[in-house]
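Chemist: Sequence first, then the predicted structure:
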Amino acid sequence: MPADAELIVGDVTDTAVAESVQDCEVVFHLAARVAIRSSFEFIVEDVAANVLGTASLLKAFAASPNTGKFIFASSMAVYADSEQAIPIDENYIKDPISPYGISKFAAEMLVMRQCKSVQKQGIALRLFNTYGPGQIFSPYVGVVTIFTRTLMAGKAPSIFGDGLQCRDFVHVDDVVRGFLAAMDEPTAAGVYNIGSGIGTTINDVYRTISDTLNLEMSPNYENVAQGELRYSIANIDKARSLLGYEPQHRFDRSIVNVIREITENKQ
């Protein structure tokens with residue numbers, strides 16, 4: 001953390017946390033509960049953090065006399081499931097199939113409406129499947145970390161469904177590029193997909209990781225997980241055109257370095 005940065009530790013719904021954004025020119029709002037599968041069990045906690053937390057920050061931000069931008073980390077989970085493994089744009093059907101997706105869509109709408117009402121720029125970046133170094137291990141989020149850590153422990157990872165579900169894996173460095181592009185563009189207000197624009201099946205992800213680790217072990221195929229989209233690939237033409245966003249990482253080329261980082265640091 002930069003030496004001149006102030007760290008405020010607290011819940012996103014705390015008054016002290018919310019008030020910290022009052023005089024900011026740009027707010028990057030990334031605080032959230034992010035697990036899709038567990039959101040069915042923790043629906044109250046998800047709504048509290050993702051919806052009420054966002055509303056709390058927006059109230060404080062709106063009260064500031066400064067003009068500014070509120071840049072919100074939304075999610076591909078706001079979309080309905082795609083019928084084909086093809087890129088979808090921002091106009092695709094919004095019909096989330098998980099409480100997590102519902103909470104993100106509700107928060108996204110709050111951002112756009114509240115910012116417009118006070119003549120500030122509201123920006124929602126719909127992030128697709130983010131991967132990269134530094135991702136904390138969780139049984140619910142981050143398939144690359146889950147597969148790698150499980151294989152390193154000598155166990156066979158689980159794949160929910162047939163493994164042919166297709167995802168858009170976007171490197172964390174490219175996600176940062178998306179946020180910075182939204183900050184730098186003078187008229188960025190709106191909603192944008194942030195992904196790679198390339199689909200990869202879960203079977204291919206597993207095969208790449210197991211080959212890289214030189215560990216031949218068949219995965220366990222289990223029932224389809226509730227709330228998980230089968231096809232989720234980003235059309236990033238809007239972000240390219242209006243923000244100048246251009247991803248620099250391809251999953252098939254960058255995954256080896258990510259796996260190496262996980263194995264060396266045992267995250």
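Modeler: Good, I have the coordinates.
Chemist: Just list what the helix or strand containing Arg149 packs against, helices and strands only.
Modeler: In the assignment (DSSP states H and E), Arg149 maps to helix 143-152. Packing contacts for helix 143-152, counted by 3 or more CB pairs under 8 Å, 6 or more residues apart in numbering; DSSP states H and E, involve strand 129-131, helix 202-213, helix 251-265. Heads up, the C-betas are built off the backbone N, CA and C, glycines and all.
Chemist: Outside of whatever helix or strand comes next after that helix itself, list whatever touches it.
Modeler: Using DSSP H and E, the helix or strand that follows helix 143-152 towards the C-terminus is strand 158-160. Outside strand 158-160, the residues within contact range by CB atoms under 8 Å, 6 or more residues apart in numbering are 202-203, 206, 219-225, 228.
Chemist: Mind checking the pLDDT average for stretch 191-204?
Modeler: For stretch 191-204, mean pLDDT is 96.
Chemist: re the thing from before, go through the helices and strands packed on helix 143-152 and name the closest to Val143.
Modeler: helix 202-213 (6.1 Å; CB to CB).
Chemist: Return the set of buried residues in the closest one.
Modeler: 202-206, 208-210, 212-213 (16 or more other CB atoms under 10 Å).
Chemist: ok, so of the residues you listed, who is nearest Ala80?
Modeler: Closest to Ala80, out of all of the buried residues of helix 202-213 and judged by CB to CB, is Ile202, at 19.7 Å.
Chemist: What mean pLDDT does stretch 119-139 get?
Modeler: 85.
Chemist: which parts of that stretch are buried?
Modeler: Those would be 120-133, 135, for stretch 119-139 by 16+ other CB under 10 Å.
Chemist: hang on, Val55 packs against Val111?
Modeler: Residue 55: Ala, not Val. No - using CB atoms under 8 Å, Ala55 is not in contact with Val111, being 9.5 Å away.
Chemist: on that earlier part again, redo the helices and strands packed on helix 143-152 as JSON lines? Include distance to Phe72.
Modeler: Converted to JSON lines, the helices and strands packed on helix 143-152 look like this (distance: least, CB to CB, whole Å):
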{"stretch": "strand 129-131", "distance to Phe72": "15"}
{"stretch": "helix 202-213", "distance to Phe72": "27"}
{"stretch": "helix 251-265", "distance to Phe72": "25"}
